[in-house]
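Peer 1: kindly generate the corresponding structure for this input.
(2 chains)
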There are 2 protein chains.
Amino acid sequence: MAEYKVPLKDMSFLLHEVFKADEMWQQLPLLAEQVDKETAQAILQECAKIAEQELDPIARRGDEVGVSFNDGVVTTAPGYKEAFNTYVEGGWTGLGGDVNYGGMGMPKMLTAMHEEMLCSADISFALYPVLTAGAALSLAKHGSEELKQRYLTRMYSGEWSASMCLTEAHSGSDLGIIRTKAVPQDDGSYSITGNKIFITGGEHDLTENIVHLVLAKLPDAPAGPRGISLFLVPKFNVNEDETLGERNQVSCGSIEHKMGIHASATCVMNFDGAQGYLIGEINKGLACMFTMMNFERIGVGIQGLGAAVRSYQNALEYAKDRLQGRALTGAKSPDQAADSIMVHGDVRRMLLNMKALNEGSRALSSYIAMQLDYATFAEGEVQAKGEALAALMTPVAKAFFTDLGFENTVTGQQVFGGHGFIREWGQEQLVRDARITQIYEGTNGIQAMDLLMRKVAGSKGNLLKVFTEEVSTYIDEHKSNDALAEFITPLSQALADLNELTEDLLTKSEGNMNELGASANDYLHVFGYTAMAYIWVKMAQVSQAGLENNGESGREFYQSKLHTARYYFTRLLPRRISLIASAKSGSDCMFDIDDELF
Amino acid sequence: MAEYKVPLKDMSFLLHEVFKADEMWQQLPLLAEQVDKETAQAILQECAKIAEQELDPIARRGDEVGVSFNDGVVTTAPGYKEAFNTYVEGGWTGLGGDVNYGGMGMPKMLTAMHEEMLCSADISFALYPVLTAGAALSLAKHGSEELKQRYLTRMYSGEWSASMCLTEAHSGSDLGIIRTKAVPQDDGSYSITGNKIFITGGEHDLTENIVHLVLAKLPDAPAGPRGISLFLVPKFNVNEDETLGERNQVSCGSIEHKMGIHASATCVMNFDGAQGYLIGEINKGLACMFTMMNFERIGVGIQGLGAAVRSYQNALEYAKDRLQGRALTGAKSPDQAADSIMVHGDVRRMLLNMKALNEGSRALSSYIAMQLDYATFAEGEVQAKGEALAALMTPVAKAFFTDLGFENTVTGQQVFGGHGFIREWGQEQLVRDARITQIYEGTNGIQAMDLLMRKVAGSKGNLLKVFTEEVSTYIDEHKSNDALAEFITPLSQALADLNELTEDLLTKSEGNMNELGASANDYLHVFGYTAMAYIWVKMAQVSQAGLENNGESGREFYQSKLHTARYYFTRLLPRRISLIASAKSGSDCMFDIDDELF
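Peer 2: The predicted structure follows:
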């Protein structure tokens, strides 16, 4: 197994050459105070050290040993506590946090890269701080001043972690039918009773306290999603002097045995009249939770990317080392018993698929992070546009990056042949770990519906238009650049086809809403490949300019980018054609068949 | 987890309605003696009982416990020995064997279905008898009379099992560079020395003896694949009176820890001057081994299908039971808190993908089995055509069925949402077990090259023509049937596109062989979807006729088939369009980029 090397060069290229993050930061006063190019580079380099030296080495053992459960106590795998302490001491838990409560206030463009590094090293480890960061975001936005002073500060400091308690056994993603109850108490707090399942980090030994964000319903709450409230339920109550008090009535009933992310504790959590504190308004809990969920959805997308990046690095090293067979065009290393498998077209196909999709995902993830930064730190139209694009792109980040991430970990395993199936090489763990990313935080099917029904159809196409107009403008600006024509021409076609498909589906859905459900998955991927094409053109354009101007990334880097862009347009963007054909074919073939005939 | 139910109805439909196996059998004297419709049905029913009642129940425990290794001794998981004994007592080990040595002489069309049942129940278990059957096939075809009398009879009886010893650590699929040596002895036997890895069933406690088929090189053998010979190396030598003699100098050094098929022993085998017996001629071992390998390649394809069938059954039961969300067109079960997830388009998409691809794979597998039966039992042109089609289709069965099988197990896991990731539901085991099928017995990349370079280009298109002419004739025969037009029209297009793509690639490859390597994977899938379309039209045609004539499968069955055919043509066959676009785009985008720029 190759040692993990953070792709710092690609990250710098995206930040400083493609998206010119520094210029953006300097225009946004709240960011200008916190970050500039040098700070950003220092942060990425320090974080890379943690990921490479502290986290990557514990992942394999974490998978083998897993978390253990004994009478309500969850013990993490060897090395996790030490690694977590190092991570906390480095100040990483507050990286993206609100500066008014001890956070570092860094932009999402940086924290997204930080997350990728954690996830390439070990998704299981990453889940503990990343869930805490998401809970902190919700608390920072919706919590009372008292809750923020008491809890948020300790979450940013890394002393306490957090969990997200939504799912119940009978209701997966259908939150409207949850049964957990919240009964108001005389002191203004609530008594929370119910059972939650699939709670990542619900119990563990990494921090002295755990802050649960719990969805529950008041006794008189309306039915459905409009009757859900959000509560903060600490594992240990906190005394007035901020010391830890009594154990709250919340406990871990068991942990799940899973396909992957073995070092992440997935808990059944029982709330038996636990003391909880309202976050936001009564019956408006879902909106507050969505602040966290949207953060985590993009985070899960990055998890898929992270695993795929690790898999690519391993596969590339293996392919270069492994000698087997001969090039079809004649021996490349006649002095050796066989050529390296890099000579085989199908091996190059697998590696280039991974390279093009990983770099495309990282770039698109940076683009989305930039929108989130505009949404958070800008004002007026710029802010509104950032918010619109972030809303549109969140389900795409979640589902598209994880579908590609899983595909790529499987591809990276395939490069190893039989050795890919053997545990010691690590490739199979990445497949097992990546697989969950397509499922949790709302399955990718739910993300597809969120995109097509809620975001695209729900806005009557207006959210989509924010994106397509940006792409159109970009095309217009660059269509006279002959050197870019090989990319601009297919991008124009892809954009036109996306618009036509959208129109087709929205029109059909007026007569039959099932048209949206039937084609949502195809649609999300058509959108994803098109958006990725846009980002690949941007990278190609910057790389061409970099070659001309001796840009800071260097000739080899730019040449690699241009080759990879070409590969994406030649071999991967065509995937959208079949998806469009499928999406346009209508819902009849799915709904005409009776359930009994399945 | 649903209880496994063998799809006997679909199997009967294929055998008796689509392929009219009984008529074929009665025309082939060697088969006519052994099998007719009633015998076939009885065999399928009895085998279904074994699979459902004896094998399915041990699979989960087998995954959890796995095989254990202690000082050269391999112990199978609890229940495996008992299940294997029951299997042997039922006479299943000789099902497809040569009647002159105690086999039952059953056609491949039946044994392929038998294999599917075993693999749906438990791929790990299936590997022990299926490898033995493949080794027996090679021995029956290439072994001396003495070897056959001594070993083949005991393999058919189930007393002894077999393994296939090809791979060495430094040479995966590049058999030309193996190092295992065979030194001729005075008594006509050979002394075999070398190390083999990834040997499925190389050591275990299910049978009293294990017959290893081992590739090795004589001291003066030519370099490369033309210097390989095949040897039979028993674990225990056999005395003249046929009792077991001394332990041979072959031992298991360790077993692998793998992603899946935990109950299958994957062994490192050490041969230290072990006594071996030549099978076939010196330096012609690869051809003898290919008799086994081609059998196993189709068998591995069926493994992929088997896992996918099991996953579909589980997913369908879960989807019907699970209540979550509401139909987009209004509540379907307003009296319940939520509708079954069968109402969601994306759930139906996932289930219909699985259904259409599984039934299509089973049908195509039956078609290939029929060709193998013609190749084995027919004469003259019919035999030659069967042989040609079997050769063409073997890599397709291996790679296409396993790529789809893996996809379908992942899809079946996705239907379960979070529960799919939890071990207790069994869906994740099917994913892990199915994953190996894309890798072993020659990776799917190697299969793709076998199809495009060896079979299609190697025969200058003649092998392909045998198939495309059959499809053309079929289209001509049915193009006036208006009721079939919805299927015949797209099949004609798919066939024309396949021919055009083939021509395009063969022409390009004259100037640059890399064109074949670059597009082989896409090509194999284009071929697979097209061949499956042909088989789906056949099934649709028979189902339409069945509806008109009150055929024996019944109205609901035929309706289900027609709906599923429609789904295949509408939503799945279009996948080929993108694959063709990718395949036609040439190899430059893969080979222009230097290895250092990856």
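
Peer 1: isn't residue A:261 right up against residue A:123?
Peer 2: Yes: assessed by C-beta atoms under 8 Å, residue A:261 is found in contact with residue A:123 at 5.6 Å. (Each C-beta comes from the backbone N, C-alpha and C, glycine too.)

Peer 1: relative to chain B, which residue of the stretch 301-450 of chain A is the closest?
Peer 2: In the stretch 301-450 of chain A, no residue comes nearer to chain B than residue A:345, which is 2.8 Å away by C-beta to the nearest C-beta.

Peer 1: that residue is in contact with residue B:522, isn't it?
Peer 2: No: using C-beta under 8 Å, residue A:345 is not in contact with residue B:522, being 10.6 Å away.

Peer 1: starting at the chain centroid, how far to stretch A:508-515?
Peer 2: 31 Å (C-alpha atoms, centre = their mean, to the nearest Å).

Peer 1: list the buried ones in that stretch?
Peer 2: For stretch A:508-515, a neighbour-count test (16 or more other C-beta atoms under 10 Å in any protein chain shown) marks A:508, A:509, A:512, A:513, A:514, A:515 as buried.

Peer 1: what about the helices in the stretch 301-450 of chain A?
Peer 2: Per DSSP state H, counting those that start in this stretch, the stretch 301-450 of chain A carries helices over the ranges A:345-377, A:380-415, A:427-435, A:444-449.

Peer 1: pull stretch A:74-94 out as CSV, backbone CA atoms only.
Peer 2: Output in CSV follows, covering the C-alpha atoms of stretch A:74-94 (Å, rounded to 0.1, in the frame of the first residue of the first chain):
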residue,chain,number,x,y,z
VAL,A,74,-17.9,2.2,23.4
THR,A,75,-14.1,1.9,23.0
THR,A,76,-12.4,3.1,19.9
ALA,A,77,-9.7,1.2,18.2
PRO,A,78,-6.0,1.4,19.2
GLY,A,79,-4.5,4.7,18.2
TYR,A,80,-7.7,6.6,17.8
LYS,A,81,-7.6,8.4,21.1
GLU,A,82,-4.0,9.5,20.6
ALA,A,83,-4.6,10.6,17.1
PHE,A,84,-7.7,12.5,18.1
ASN,A,85,-5.8,14.3,20.9
THR,A,86,-3.1,15.3,18.4
TYR,A,87,-5.8,16.5,16.1
VAL,A,88,-7.4,18.6,18.9
GLU,A,89,-4.0,20.0,20.0
GLY,A,90,-3.4,21.2,16.5
GLY,A,91,-6.5,23.3,16.8
TRP,A,92,-8.2,21.6,13.8
THR,A,93,-11.6,21.1,15.5
GLY,A,94,-12.4,24.8,15.3
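
Peer 1: where does the prediction get shaky in the stretch 251-400 of chain A?
Peer 2: Under the criterion pLDDT under 70, no range of the stretch 251-400 of chain A is flagged.

Peer 1: and the closest residue to residue A:312 other than its chain neighbours, what does it touch?
Peer 2: Among residues not flanking residue A:312 along the chain, residue A:354 sits closest, at 4.3 Å (C-beta to C-beta, 6 or more residues apart in numbering or on different chains). Applying C-beta atoms under 8 Å, 6 or more residues apart in numbering or on different chains, we find residue A:354 in contact with A:308, A:311, A:312, A:315, A:408, A:411, A:412.

Peer 1: neighbours of the closest residue to chain B within the stretch 1-150 of chain A, how many?
Peer 2: Across the stretch 1-150 of chain A, the shortest distance to chain B (C-beta to the nearest C-beta) belongs to residue A:64, at 9.2 Å. When neighbours are defined as other C-beta atoms under 10 Å in any protein chain shown, residue A:64 has 14 of them.

Peer 1: where's it, which helix or strand?
Peer 2: helix A:59-65 (DSSP states H and E).

Peer 1: now residue A:267
Peer 2: strand A:266-279.

Peer 1: pairing partners for that strand, with directions?
Peer 2: strand A:190-200 (antiparallel), strand A:229-234 (antiparallel), strand A:250-255 (antiparallel) (DSSP bridges).

Peer 1: and the first one, how far out from the chain middle?
Peer 2: Meaning strand A:190-200. 25 Å.

Peer 1: one step back: tell me which two of the contacts of residue A:354 sit farthest apart.
Peer 2: A:308 and A:315 (10.1 Å; C-beta to C-beta).

Peer 1: compare those two (neighbour count), which wins?
Peer 2: residue A:308 (31 against 28).

Peer 1: contacts only, for the closest residue to residue A:264 other than its chain neighbours.
Peer 2: For residue A:264, ignoring the flanking residues on the chain, the nearest one in space by C-beta to C-beta, 6+ apart is residue A:124 at 4.1 Å. Contacts for residue A:124 (C-beta under 8 Å, 6+ apart) come out as A:59, A:62, A:63, A:261, A:262, A:263, A:264, A:433.

Peer 1: done for today, thanks.
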